[in-house]
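Colleague: What follows is a predicted structure for the sequence shown.
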Amino acid sequence: MRPKPATAQSAAAAPAVTGTPSNRVIVVMPAYNAARTLERTYRDIPHELVSKIILVDDVSKDDTVAVARQLGLDVIIHRQNLGYGGNQKTCYDAALEAGADAVVMLHPDYQYDATRIPALVGPILDGTKDLMLGSRFLGDPLAGGMPRWKYISNRFLTGVENMVFGLHLSEYHTGFRAYSRHLLETIPYRLNSNDFVFDQDLVAQAVACGMRIGEIAVPTRYFEEASSVNFRRSVIYGLSTLRVSVRFLLHRMRLRRSPKLAQQKPTTR
Ligand SMILES: Nc1nc2c(ncn2[C@@H]2O[C@H](COP(=O)(O)OP(=O)(O)O)[C@@H](O)[C@H]2O)c(=O)[nH]1
Ligand SMILES: [Mg+2]
């Protein structure tokens with residue numbers, strides 16, 4: 001059947017600027033207490049490239065939801081706080097449901113430079129990559145205010161993960177990422193941790209499922225509202241990251257199969 005030509009009326013009903021239907025870019029924001037930084041983050045998004053912005057609120061104690069609604073975002077509210085990983089599960093379910101071809105995860109705390117979205121998502125849209133990471137370590141993270149102890153632990157964990165995954169990435173601990181629909185439909189991200197280590201679970205799954213991974217340089221920005229992860233949480237995160245690496249090795253060596261690292265049954269695409 002030939003597509004109906006757009007009428008003036010249907011064109012008027014369409015959102016002002018969207019990605020083309022075959023290149024639907026959806027930005028997801030896992031949010032927790034982001035009221036003070038959300039608008040700034042939103043303003044930097046290249047809206048001409050993005051079809052939809054979905055914010056999932058993890059029971060914030062501030063006005064995150066009110067600000068998000070004022071900005072016209074699609075807002076989903078958790079009934080209880082699930083944590084950073086649990087929040088992302090809702091984000092990706094919603095983005096797939098909304099027909100995303102590429103999904104960008106952007107923290108609403110203004111920590112990452114949203115003007116870099118076109119460079120980040122480009123290799124997904126042209127079909128050359130399935131996972132893109134915005135790396136602060138291709139620039140100068142210390143000059144951007146990254147605390148020295150975070151810098152050192154990031155370097156150490158990245159070295160371990162490069163060895164285990166057989167890759168040469170400059171960092172795995174960025175919260176600025178883009179995914180292809182194919183990746184999100186293939187890896188069982190619902191089985192991942194609800195905590196911060198979700199991001200590392202996801203990279204291990206991407207490698208185990210043969211996804212193509214790339215990175216671009218992004219600036220580092222640290223300031224008061226940009227990070228809630230204190231030393232104790234970081235130690236837990238570091239140990240959990242090492243556990244992800246061990247699980248991956250055991251799976252690869254066929255010593256202990258992990259359901260997390262197996263592909264999902266393909267859905268109809
Ligand atoms: N701390 C925390 N952050 C959450 C939660 N759900 C979603 N987030 C979001 O996750 C992002 C990362 O958290 P953040 O404290 O900035 O971590 P860091 O920048 O890696 O030190 C923020 O943008 C939060 O808005 C949650 O339950 N707890
Ligand atoms: Mg942050």
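Modeller: Right, received. Where do you want to start? Ligands and ions are numbered 1, 2, ... in the order given.

Colleague: Now for the closest residue to Y112 other than its chain neighbours, how many residues are close by?
Modeller: In space, and not counting its chain neighbours, Y112 is closest to F176: 3.8 Å by Cβ to Cβ, 6 or more residues apart in numbering. In short, each C-beta sits where N, CA and C put it, glycine included. As a burial measure, F176 scores 22 neighbours (other Cβ atoms under 10 Å).

Colleague: One more: H182?
Modeller: By other Cβ under 10 Å, 18 other residues sit near H182.

Colleague: For the helix or strand hosting it, C-alpha coordinates in PDB please.
Modeller: Using DSSP states H and E, H182 maps to helix 181-186. Coordinates of the C-alpha atoms in helix 181-186 are reproduced here as PDB (Å, rounded to 0.1, in the frame of the first residue of the first chain):
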ATOM      1  CA  ARG A 181      17.400  -0.600  19.000                       C
ATOM      2  CA  HIS A 182      19.100  -3.900  18.000                       C
ATOM      3  CA  LEU A 183      21.200  -3.900  21.100                       C
ATOM      4  CA  LEU A 184      18.300  -3.100  23.500                       C
ATOM      5  CA  GLU A 185      16.300  -5.900  21.900                       C
ATOM      6  CA  THR A 186      19.100  -8.400  22.100                       C
END
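
Colleague: Can you name every helix or strand that it contacts?
Modeller: On a contact count with 3 or more Cβ pairs under 8 Å, 6 or more residues apart in numbering; DSSP states H and E, helix 181-186 meets helix 84-97, strand 102-105.

Colleague: As a check, name the ranges of all strands in the chain.
Modeller: Using DSSP state E, the strands of the chain run over 25-31, 52-57, 74-77, 102-105, 131-135, 177-180, 213-217.

Colleague: now, of the helices and strands packed on helix 181-186, which is deepest in the fold?
Modeller: Comparing the helices and strands packed on helix 181-186 by mean neighbour count (mean count of other Cβ atoms under 10 Å), strand 102-105 comes out on top with a mean of 27.

Colleague: where does the stretch 151-269 of the chain come near ligand 2, residue by residue?
Modeller: 226-227 (Cβ under 5 Å from the ion).

Colleague: What ranges does the stretch 151-269 of the chain have for its helices?
Modeller: For the stretch 151-269 of the chain, helices defined by DSSP state H, counting those that start in this stretch occupy the ranges 181-186, 198-208, 231-252.

Colleague: Now the longest one: buried residues?
Modeller: Okay, so that is helix 231-252. Neighbour counts over helix 231-252 (16 or more other Cβ atoms under 10 Å) mark 234, 237-238, 240-242, 244-245, 247-248, 251-252 as buried.

Colleague: what is the orientation angle of that helix with helix 198-208?
Modeller: Orientation note: helix 231-252 sits at an angle of 20 degrees relative to helix 198-208 (axes from the mean of the first three to the mean of the last three Cα atoms, to 10 degrees).

Colleague: who does helix 231-252 touch, helix- and strand-wise?
Modeller: The helices and strands touching helix 231-252, judged by 3+ Cβ pairs under 8 Å, 6+ apart, are helix 148-165, helix 198-208.

Colleague: Perfect, I'm done here.
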